[in-house]
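Engineer: Sequence and predicted model, in that order:
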Amino acid sequence: MNSKSFNPPTRILMGPGPSDVSTRVLEAMARPTIGHLDPVFISMMDEIKQLLQYAFQTTNELTFAVSAPGMAGMECCFANLVEEGDKVIICKNGFFGERMKENVERFGGIPIMVDDEWGKKVDLNKAEEALKNNPDAKVLAFVHAETSTGALSDPESLTKLAHEYDCLSIVDTVTGLAGVPLKVDEWNIDAIYSGTQKCLSASPGLSPISFSKAAQEKIKNRSSKVKSWFLDLNLIMSYWEGEGGRSYHHTAPINALYGLHEALLILKEIGIENSWNKHMENHLMLREGLESLGISYLVDKEDRLPQLNSIFIPDGVDDLASRQKLLNDFNLEIGAGLGVLAGKIWRIGLMGSSSTKSNINHCLESIRKVI
Ligand SMILES: *Cc1c(COP(=O)(O)O)cnc(C)c1O
């Protein structure tokens, strides 16, 4: 047993997440731990809520960070909005749609799958057909920014469609938040979840979520108890809601929340629109460099995520050996392909603090040497 302290190497994180966490955020996390019911901590939590409302562009009261990673945000949405026998239409265009299906089944719902090709955005016509064919469906769920493929879908149109057919929308924006335009109120999104380790560049392990009034109504009027104690929003809200009304639900991950607070402050300082623009500008710079190396993209130009670039591995290049070389010789982490795209693509993340011109130059130079 090695009894030395653990000292990780300094990597450049340009995969599908986590992204680089800035020194400023790391320093915030190293500050003294205080009690989670300490009034000073509670006022910081109120600030996090306001900052998350800004990031999501919403005034939703029910906006906070679940004390667990993005997958818990997903689970929280389905646990609270799905009851036994509820039909949920899931538009699946990659890896994370499959996990939505798992969630619906585990909470007793009936998933209706609408399959799109991996690398394509969610098709509105197919979604509408499923809504038409299932007039009793309760929810339409989809991924805004599909990290497994790099495809961007259209939450505004999909949510509008869901509402025309009396469904609520559940939106996965784990990779979308702060990286591409997202307007929860303007687009009338009902339930949305994200993660801290992608474009927010805080440490992993928290999941910002936001629920509309309509979604809250649905939760309040459930005929059965939420099947997860930890994720039951009725219980969690008693901790978060109301001035001074906090009571013990679970011990908050205090220092991780310091980090999220700092990361959200940085986002506020930059400005949400500038953050969206930064991701797009840097994407265009990376794209130009990759194209000059003869590398091509998986996703159609107009549907590409700026923060997640899926590129075909050039012919004759060894996937694993090349990525190992990038990591060992250049301290650079990029992502492998998932599922049907394993061995076919690489995924280059340009998320949050990792999205810089110098990182792009380093990435292009390293890939050029490796292939
Ligand atoms: C990363 C990711 C998740 C899961 O987040 P974790 O923090 O790893 O649990 C879910 N959905 C999408 C689209 C993601 O990119």
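Structural biologist: Done, it's in. Residues are numbered from 1 along each chain as shown.

Engineer: Compute the number of surrounding residues for E291.
Structural biologist: 12 (other CB atoms under 10 Å). Placement of C-beta: from N, CA and C, glycine included.

Engineer: That one: which element?
Structural biologist: helix 272-292 (DSSP states H and E).

Engineer: roughly how far is that helix from the heart of the chain?
Structural biologist: 19 Å (CA atoms, centre = their mean, to the nearest Å).

Engineer: In that helix, which residues are buried?
Structural biologist: Neighbour-count burial for helix 272-292, counted by 16 or more other CB atoms under 10 Å, picks out 272, 275-276, 278-280, 282-283, 285-287, 289-290.

Engineer: so after it, what's the next helix or strand?
Structural biologist: Following helix 272-292 in sequence order, the next helix or strand is strand 308-312 (DSSP H and E).

Engineer: For that following strand, enumerate the helices and strands it packs against.
Structural biologist: helix 272-292, strand 345-349 (3 or more CB pairs under 8 Å, 6 or more residues apart in numbering; DSSP states H and E).

Engineer: can you give me the mean pLDDT across that strand?
Structural biologist: For strand 308-312, the mean pLDDT works out to 98.

Engineer: And the helix or strand harbouring A72, what does it pack against?
Structural biologist: Under the criterion of DSSP H and E, A72 resides in helix 70-81. Contact here means 3+ CB pairs under 8 Å, 6+ apart; on that basis helix 70-81 packs against strand 62-66, helix 95-106, strand 139-143, strand 168-172, strand 191-193, strand 207-211, helix 213-220.

Engineer: Show me what the helix or strand following it pairs with in its sheet, parallel or antiparallel.
Structural biologist: Once helix 70-81 ends, the next helix or strand along the chain (criterion: DSSP H and E) is strand 87-92. Partner strands for strand 87-92, per DSSP bridges, with pairing direction: strand 110-115 (parallel), strand 139-143 (parallel).

Engineer: now the angle from strand 87-92 to helix 95-106?
Structural biologist: 160 degrees (axes from the mean of the first three to the mean of the last three CA atoms, to 10 degrees).

Engineer: So which bits of stretch 47-57 are buried?
Structural biologist: The neighbour-count check on stretch 47-57 (16+ other CB under 10 Å) flags 48-49, 51-53, 55-57 as buried.

Engineer: need the helices and strands packed on strand 308-312 in JSON lines with distance to the ligand and mean pLDDT, can you?
Structural biologist: JSON lines is the format used below for the helices and strands packed on strand 308-312 (distance: least, CB to the nearest ligand atom, whole Å; pLDDT from 0 to 100):
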{"stretch": "helix 272-292", "distance to the ligand": "15", "mean pLDDT": "98"}
{"stretch": "strand 345-349", "distance to the ligand": "10", "mean pLDDT": "98"}
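
Engineer: Make a markdown table from those and add distance to T33 to it.
Structural biologist: Formatted as a markdown table, the helices and strands packed on strand 308-312 follow (distance: least, CB to CB, whole Å):
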| stretch | distance to T33 |
| --- | --- |
| helix 272-292 | 29 |
| strand 345-349 | 31 |
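
Engineer: related to what we said a few turns ago, how about TSV for the buried residues of helix 272-292, with distance to M71 added?
Structural biologist: Output for those, formatted as TSV (distance: CB to CB, whole Å):
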residue	distance to M71
I272	25
S275	24
W276	25
K278	27
H279	23
M280	27
N282	27
H283	26
M285	32
L286	28
R287	30
G289	33
L290	30
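
Engineer: show me the contacts for F95.
Structural biologist: F95 sits next to 146-149, 338-339 when contact means CB atoms under 8 Å, 6 or more residues apart in numbering.

Engineer: what's the closest of those to V370?
Structural biologist: L338 (20.8 Å; CB to CB).

Engineer: mind listing what that closest one touches?
Structural biologist: Listed by CB under 8 Å, 6+ apart, the contact set of L338 reads 94-95, 148.

Engineer: gap between it and the ligand?
Structural biologist: L338 sits 10 Å away from the ligand, going by CB to the nearest ligand atom, to the nearest Å.

Engineer: again with M29
Structural biologist: 17 Å.

Engineer: helix or strand for T251, which one?
Structural biologist: Here T251 is covered by no helix or strand, with elements defined by DSSP H and E.

Engineer: Which residue, other than its chain neighbours, is closest to it?
Structural biologist: By the measure of CB to CB, 6 or more residues apart in numbering, the closest residue to T251 outside its immediate chain neighbours is H36, 5.6 Å from it.

Engineer: And the one you found, its phi and psi?
Structural biologist: H36 adopts backbone torsions of phi -80, psi -10, taken as degrees, to the nearest 10.
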